[in-house]
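Q: This is a predicted model, with the sequence first.
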Amino acid sequence: MPRIAFIGAGSLLFSRRLMIDILTFPELRDSTFALMDIDPKRLEYARRVAERILREGEFPARVEATTDRREALKGADYVVIMILVGGVEAIHPDIEIPLKYGVDQCIGDTLGPGGVFRALRTIPVIIDICHDMEELCPDAWLLNYTNPMAMLCWAMNDATTIKNVGLCHSVQHTAWQLAGIIRASTDDISYWVAGINHQAWFLEYKWKGEDAYPLIRERMQDPLIYSTETARAELLKHLGYFATEFSGHASEYTPWFRKRPDLLQKYTPGGGWNGGTAFILQLYEKDREDYEAELERAASGQEPVAIYRSEEYASHIINSLHTGQPCRINGNVRNDGLITNLPPGTCVEVPCFVDKHGINPCFVGDLPPQCAALNRSNIAVQEMAVKAALGADRRLAFHAIAADPLTAAVLSLEEIQQMVDEMFAAEARWLSRFT
């Protein structure tokens, strides 16, 4: 039966969710889960929670736990990656140094200075994992949940032979969010979405087979809805299509919403998920002050284990690849003629059908030109960041950030160079390859 390796299993709440999802499929209930993390304490929590899930759910699956990555990968059929290189400590300079220069990021894990530096730290580790897989489990599928998604998958596609797909929940989350906004049942909606990760577009959104966009546009004018999805409402108003990532993220991938204090006040009302400054630090720190206590409650059985299947794609993919039962997802894959007005070789997010024969991306054709133009501005940053990470090219990392839409809207080239130099100095312990 399948051997499923979780690399970064100390991301406990997420690894627990994926494990439960997998076990809800009858054909996967006797899988072996190989949990791996570099932090022994968090790994021990993950092991205890996993064993509790198997015990309380009466599942015949097995659990192994190790800090040795190669041991976890040996003979794996599926490898799920959910890592954070440098931990929360590395996120501070990603966010705080650009903010000092006036580049105001909400999350900063996908594009911009924060996204590029996260890629510089993470891509070498991801490539090392893939090289281990080439030796220890060359036929395994790699399911990546780590950001910056598009850059990591692009790097894997260029530098390794490992089959991989990047997985996010922004498509299905947004689809269900829109259903709530128009007061429709999720059973009655259908959609067709394509673009790049965190900036894909709902090219179609139908309710009971009818175009729901007129109703979406009407509902987005409701002050309450607009105040929680301001950037995406503006993108819909001016570009004509709804984007897949929440407004806090969406606002930092463009030059329009965060370049001046007055625009921040106008387009990120309420802050938080709607675009709060440095909101990622609240998510990782302030909101998790009792995280250790939370982990202990989960591990010791003080909190109930809810056995249900979430909307995450990983379990569906593993079930389809293992049993041949088909499913449809939106995955991040290499653009081999899939979206015809985005550059070939880039990483695109498109509908995919999954079955015994693999993950099969769908042809999309041209995106609306205004949507493709915004995607290409992000892709330019991604391409240079990937090459910078693979080649340890500090100068190209600067060029990637200089091309970032938000950074370029705020700073001069000389200011960007000063900011990048300061970030390299602050993150030197994780970037030893760069000179």
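A: Nice, I can see it.
Q: In the strand or helix carrying Glu349, which residues are buried?
A: In this assignment (DSSP states H and E), Glu349 forms part of strand 347-355. Residues of strand 347-355 classed as buried: 347-354 (neighbour count, 16 or more other CB atoms under 10 Å). Just so you know, the C-beta spots here come from the backbone N, C-alpha and C atoms, and that holds for glycine as well.
Q: same check, this time on stretch 35-47
A: Buried residues in stretch 35-47, counted by 16+ other CB under 10 Å: 35-37, 42-47.
Q: and which of these is nearest Pro326?
A: Comparing the buried residues of stretch 35-47 against Pro326 with CB to CB places Leu35 closest, at 29.0 Å.
Q: which residues does that closest one contact?
A: Leu35 makes contacts with 6, 9, 15, 43, 46-47, 50, 63-66, 72, as judged by CB atoms under 8 Å, 6 or more residues apart in numbering.
Q: and if we set it to 6 Å?
A: 6, 9, 46, 65 (CB atoms under 6 Å, 6 or more residues apart in numbering).
Q: Show residues contacting the helix or strand harbouring the last one.
A: Secondary-structure element containing Ala65, defined by DSSP H and E: strand 62-66. Outside of strand 62-66, the residues within contact range by CB under 6 Å, 6+ apart are 32-36, 43, 47, 50-51, 72.
Q: Tabulate the CA atom coordinates of that strand in CSV.
A: Presented in CSV, the C-alpha positions along strand 62-66 are these (Å, rounded to 0.1, in the frame of the first residue of the first chain):
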residue,chain,number,x,y,z
ARG,A,62,1.2,2.8,10.1
VAL,A,63,3.2,5.9,11.3
GLU,A,64,7.0,6.4,11.3
ALA,A,65,8.8,9.5,12.5
THR,A,66,12.3,10.6,11.8
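Q: The strand holding Glu349 packs against which elements?
A: On a contact count with 3 or more CB pairs under 6 Å, 6 or more residues apart in numbering; DSSP states H and E, strand 347-355 meets helix 149-159, strand 189-196, helix 314-323, strand 327-334, strand 358-361.
Q: quick one on the thing from earlier: of the contacts of Leu35, which belong to strands?
A: Secondary structure defined by DSSP state E assigns 6, 65 of those to strands.
Q: And the strands in the chain?
A: Assignment of strands within the chain using DSSP E yields the ranges 3-7, 32-36, 62-66, 78-81, 141-144, 163-166, 189-196, 199-207, 210-211, 327-334, 347-355, 358-361.
Q: In TSV: the ones you listed, plus mean pLDDT and distance to Phe424.
A: Shown next, in TSV, are those (pLDDT from 0 to 100; distance: least, CB to CB, whole Å):
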stretch	mean pLDDT	distance to Phe424
strand 3-7	98	27
strand 32-36	98	30
strand 62-66	97	33
strand 78-81	98	25
strand 141-144	98	26
strand 163-166	98	27
strand 189-196	98	26
strand 199-207	98	27
strand 210-211	98	49
strand 327-334	98	28
strand 347-355	98	25
strand 358-361	98	36
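Q: These: which one's closest to Ile22?
A: So among the strands of the chain, strand 3-7 is nearest, using CB to CB, at 6.7 Å.
Q: thinking again about what came up before, between all of the buried residues of stretch 35-47, which two are separated the most?
A: The span of the buried residues of stretch 35-47, defined through CB to CB, is set by Met36 and Tyr45 at 13.6 Å.
Q: end to end, how far does stretch 100-114 reach?
A: Criterion CA to CA, to the nearest Å; first-to-last residue distance in stretch 100-114 is 13 Å.
Q: From the chain's centroid, how far away is that stretch?
A: Mean-position distance between stretch 100-114 and its chain equals 16 Å (CA atoms, centre = their mean, to the nearest Å).
Q: Can we start the residue count at 24 from this point?
A: Right, with 24 as the first residue, what we last looked at is stretch 123-137.
Q: ok, the contacts of strand 85-89 vs Leu306, which is closest?
A: Leu66 (22.2 Å).
Q: Could I get the contacting residues of the closest one?
A: 33, 60, 88.
Q: From Leu41, how far out is it?
A: Distance check for Leu66 against Leu41: by CB to CB, to the nearest Å, it reads 16 Å.
Q: picking that back up, make CSV from the buried residues of strand 370-378 and add distance to Lys410 to it.
A: Compiled in CSV, the buried residues of strand 370-378 are given as follows (distance: CB to CB, whole Å):
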residue, distance to Lys410
Cys370, 14
Val371, 18
Glu372, 21
Val373, 23
Pro374, 28
Cys375, 26
Phe376, 31
Val377, 30
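Q: which residues in the stretch 324-458 of the chain form helices?
A: In the stretch 324-458 of the chain, the helices defined using DSSP state H, counting those that start in this stretch lie at 337-346, 392-414, 417-426, 428-433, 436-449.
Q: Ile120 is nearest to which of those helices?
A: helix 436-449 (5.1 Å).
Q: May I have that closest one exported as CSV, CA atoms only?
A: Extracted C-alpha coordinates of helix 436-449, given in CSV (Å, rounded to 0.1, in the frame of the first residue of the first chain):
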residue,chain,number,x,y,z
LEU,A,436,16.7,51.5,-8.6
GLU,A,437,19.3,52.8,-6.2
GLU,A,438,16.9,52.5,-3.3
ILE,A,439,16.1,48.9,-4.4
GLN,A,440,19.7,48.0,-4.5
GLN,A,441,20.2,49.4,-0.9
MET,A,442,17.2,47.4,0.3
VAL,A,443,18.4,44.2,-1.3
ASP,A,444,21.9,44.6,0.1
GLU,A,445,20.4,45.0,3.6
MET,A,446,18.2,42.0,3.2
PHE,A,447,21.2,39.8,2.0
ALA,A,448,23.1,41.0,5.1
ALA,A,449,20.3,40.2,7.5
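Q: average pLDDT across the longest helix anywhere in the chain?
A: With DSSP state H setting the assignment, residue counts place helix 135-159 as the longest helix in the chain. Mean per-residue pLDDT for helix 135-159: 98.
Q: who does that helix touch, helix- and strand-wise?
A: Going by 3+ CB pairs under 6 Å, 6+ apart, helix 135-159 lies up against helix 92-96, helix 110-124, helix 172-182, helix 392-414, helix 417-426.
Q: which non-adjacent residue is nearest Gln238?
A: No Gln there; residue 238 is Leu. Among residues not flanking Leu238 along the chain, Ile205 sits closest, at 4.8 Å (CB to CB, 6 or more residues apart in numbering).
Q: Can you give me every residue that contacts the one you found?
A: 235, 238, 242.
Q: and if we set it to 8 Å?
A: So Ile205 contacts 230, 235, 238-239, 242 (CB under 8 Å, 6+ apart).
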